[in-house]
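Novice: structure, please.
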Amino acid sequence: MYIESIELKNYRNYESLSLELDKGTNIFYGDNAQGKTNILEAAYLCGTTKSHRGSRDREMIRFGQDEAHIRMFVKKDGISRKIDMHLKKTKAKGIAIDGIPIRKASELFGILNIVFFSPEDLNIIKSGPGERRRFMDLELCQLNKLYLSNLSSYNRILNQRNKLLKDIAFQPGLKDTLEVWDEQLAHYGVFLIESRKAFVEELNDIMEGIHRSITGDREQIKLVYEPSVQSSVFLEELTNARERDIRFKMTSLGPHRDDLCVKVNEIDIRKYGSQGQQRTAALSLKLSEIYMVKKIIKDMPVLLLDDVLSELDSNRQNYLLNSIRQVQTMITCTGLDDFIDRQFHMNKVFKVVEGKVKTGGNV
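Specialist: Coordinates of the predicted model:
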């Protein structure tokens, strides 16, 4: 599985761009704020329908334009597939696969699996629970179409229930309708909880060995899924919390309140770990994603590294670079010195300057 080419039109700071990628390592280098990350964002968006930054469609359209277009050719199992994506300021994005429009975003999943690694991911351990939930959701949505459907339904019902909780203050009679929403929320919520639980268990098996290698067998890592409520009693607990939820006008428990505990040598490093421990754990977590995808789909995902090397010390840089030799990788950086010093093979090099990309050829 790899990206053959990507074309951008009126996307971010690119008026028009066409790139042929190598199936190995592709380096995009240049000064900051030139548009390197925008290329990686476009690839991730085209593969998952979402921006890794959480940006809205209209924010990704070039200034002064009404639409943006991304076209990406992906080769998987020897077959080339074309993904077209139109971003519009006032309408939902349009997506087509091999020229045929799709109705649901879930139809896109399975064509391309992507792992995105940015400097922000290095802070995932010490960040709030929302970032760790987002990590689980982004990967599970790529691996399981049913998860994406259930997550969308859960979030929709959660928003409706929260609105109802606010409206009850003005219309007490609406309280009787909560039972219907509770049953639906529990239905989808149970699926999310069980899926996350299985995901964390499987990730643990892969992550343990990777982390031991990075730390020279000095540290043992374990992920502990912390659901805010057990799936077996979700509906019961939701019912018991009803008066509290009405008082505070928000849903107090469910998958939207879950967290992921990261323990190193039995110590919760979210609170008590050093920055080095937290960053090493984050690196282990992202590398584990790659091998988990490989285990499930029997193929390597595409890896996007957004200026991560500059945030890692030399030992972690070496481990990361040695781990990605069999993965198609798109890397952004400000210079090539780190790769040259380590004699790292760069299959293709692109220089990015103010929304223009010059191919440096094979290195």
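
Novice: got the contact list for Met207?
Specialist: By C-beta atoms under 8 Å, 6 or more residues apart in numbering, the contact set of Met207 is 221, 223, 284-285, 288. Using the backbone N, CA and C atoms, a C-beta is placed for each residue, glycine as well.

Novice: kindly report the same for Cys261.
Specialist: 223-226, 268, 270.

Novice: any idea which residue sits dead centre in the protein?
Specialist: Leu138 (4.2 Å; C-alpha atoms, centre = their mean).

Novice: in the helix or strand harbouring that one, what's buried?
Specialist: Leu138 is part of helix 129-143, with elements assigned from DSSP states H and E. By 16 or more other C-beta atoms under 10 Å, the buried positions in helix 129-143 come out as 129, 132-133, 135-143.

Novice: relative to Arg316, which of those is nearest.
Specialist: For those, the minimum distance to Arg316 (C-beta to C-beta) is 18.9 Å, reached by Phe135.

Novice: related to what we said a few turns ago, surely the residue nearest to the centre of the chain and Thr48 touch.
Specialist: Yes: counting by C-beta atoms under 8 Å, Thr48 is a contact partner of Leu138 at 7.4 Å.

Novice: hmm, back to that, helices or strands up against the helix holding Leu138?
Specialist: helix 36-48, helix 145-167, helix 178-214, strand 259-264, helix 275-297 (3 or more C-beta pairs under 8 Å, 6 or more residues apart in numbering; DSSP states H and E).

Novice: from these, which stretch is densest packed?
Specialist: helix 36-48 (a mean of 23; mean count of other C-beta atoms under 10 Å).

Novice: between that one and helix 145-167, how big is the angle?
Specialist: Helix 36-48 runs at 100 degrees relative to helix 145-167, counting by axes from the mean of the first three to the mean of the last three C-alpha atoms, to 10 degrees.

Novice: hmm, who's touching the helix or strand Glu236 falls within?
Specialist: For Glu236, the host element (DSSP H and E) is helix 234-240. For helix 234-240, the external contacting residues (C-beta under 8 Å, 6+ apart) are 179, 182-183, 185-186, 189-190, 193, 229, 251, 253-254.

Novice: how about it as CSV, C-alpha atoms only?
Specialist: Provided in CSV are the C-alpha atoms of helix 234-240 (Å, rounded to 0.1, in the frame of the first residue of the first chain):
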residue,chain,number,x,y,z
PHE,A,234,-24.1,1.9,31.2
LEU,A,235,-27.8,2.3,30.9
GLU,A,236,-28.4,1.7,34.6
GLU,A,237,-25.7,4.3,35.6
LEU,A,238,-27.1,6.8,33.0
THR,A,239,-30.5,6.5,34.6
ASN,A,240,-29.1,6.9,38.1
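
Novice: what sits against Ile83?
Specialist: Contacts of Ile83 (C-beta under 8 Å, 6+ apart): 46-47, 70-74, 95-97, 108, 111-112.

Novice: and the contacts of Cys261, which of them are buried?
Specialist: Applying 16+ other C-beta under 10 Å to those flags 223, 225, 270 as buried.

Novice: possible to save those residues as CSV with secondary structure and pLDDT?
Specialist: Shown next, in CSV, are the buried ones among the contacts of Cys261 (DSSP: H, G, I helix; E, B strand; the rest coil; pLDDT from 0 to 100):
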residue, secondary structure, pLDDT
Leu223, strand, 96
Tyr225, strand, 97
Arg270, helix, 93
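
Novice: in this protein, which ranges drop under the pLDDT threshold?
Specialist: 361-363 (pLDDT under 70).
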